[in-house]
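>>> With the sequence up front, the predicted model follows.
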Amino acid sequence: MPLILPVKGVYPVMGANCFLAENSTIVGDVTLGNHCSVWFNAVIRGDVNHIRIGDNTNIQDGAVIHCTYLTAATSIGSNVSIGHNALVHGCTLQDHVLIGMGAIVMDHVIVQEFCIIAAGAIVLENTICESGYLYAGVPARKIKPLSEEQIALLKKLPENYKMYSNWFIPGLE
């Protein structure tokens, strides 16, 4: 069973039809929307501030979602894909965003809708990632506008993860 714990009497709240892998961890002031998936070894720690996650969002294997005490909550929109081993910390991710594998997104960053943060990128504090662009590098910088194929990927990935998670939820295959 996933590790789901209260912090200071506040329990995580899960929407309908969420998949939580057996070794995922969700603690404290966390709200997950409907049809979300939290994969193996992922951690969502709403212990020092709140974390809000919209519908159809997937938090892939080994990802860590956290925030900063009193100063930086985390807000993740709907139809967001957070890649394996990514770190999302005290920032805002709007709808239809992809955070690539191993990427780091720091406090007070705003990643606008339809944006891709490349694998391994580090988005420094207070950065605004403009809608419709790919950001990559260390530190991350705007590389190029998204192609039609990349925009289609942003729409398709959350649907794929809903399908994958349904394989683990009896009766929803």
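Perfect, thanks for sending it. Fair warning: this is a prediction, and the values are worked out from it, not measured in the lab.
>>> Scan this protein for its longest strand.
In the chain, assigned by DSSP state E, the strand with the most residues is strand 43-53.
>>> Quick check, pLDDT for the most centrally placed residue in the chain.
Residue closest to the mean C-alpha point of the chain, counted by C-alpha atoms, centre = their mean, is I82 at 4.3 Å. Listed pLDDT for I82 reads 98.
>>> ok, it to G33 distance?
14 Å (C-beta to C-beta, to the nearest Å). (Glycine included, C-beta is placed from N, CA and C.)
>>> Quick check: neighbours shared by these two?
T57 (C-beta atoms under 8 Å, 6 or more residues apart in numbering).
>>> which helices and strands sit right next to the longest strand of the chain?
Secondary-structure packing of strand 43-53 (3 or more C-beta pairs under 8 Å, 6 or more residues apart in numbering; DSSP states H and E): strand 25-32, strand 64-66, strand 74-76.
>>> Check which helices and strands the second one sits against.
Other helices and strands packing on strand 64-66, by 3+ C-beta pairs under 8 Å, 6+ apart, are strand 43-53, strand 74-76, strand 87-89.
>>> Sheet partners, orientation included, of the very next helix or strand once past the last one?
This means strand 87-89. Using DSSP states H and E, the helix or strand that follows strand 87-89 in sequence is strand 92-93. Strand 92-93 sits in its sheet next to strand 74-76 (parallel), strand 110-111 (parallel), going by DSSP bridges.
>>> got TSV for those, with mean neighbour count, distance to Y161 and mean pLDDT too?
Below are the strands paired with strand 92-93 laid out as TSV (neighbours: other C-beta atoms under 10 Å; distance: least, C-beta to C-beta, whole Å; pLDDT from 0 to 100):
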stretch	mean neighbour count	distance to Y161	mean pLDDT
strand 74-76	22	14	98
strand 110-111	22	18	98
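>>> mind giving me a markdown table with the ones you listed and columns for distance to V27?
Shown next, in a markdown table, are the strands paired with strand 92-93 (distance: least, C-beta to C-beta, whole Å):
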| stretch | distance to V27 |
| --- | --- |
| strand 74-76 | 13 |
| strand 110-111 | 24 |
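>>> Of all those strands, which one is nearest T127?
For T127, the closest of the strands paired with strand 92-93 is strand 110-111, at 7.7 Å, according to C-beta to C-beta.
>>> thinking again about what came up before, nearest to L154, out of the helices and strands packed on strand 64-66?
Nearest to L154, of the helices and strands packed on strand 64-66 and by C-beta to C-beta, is strand 74-76 at 14.2 Å.
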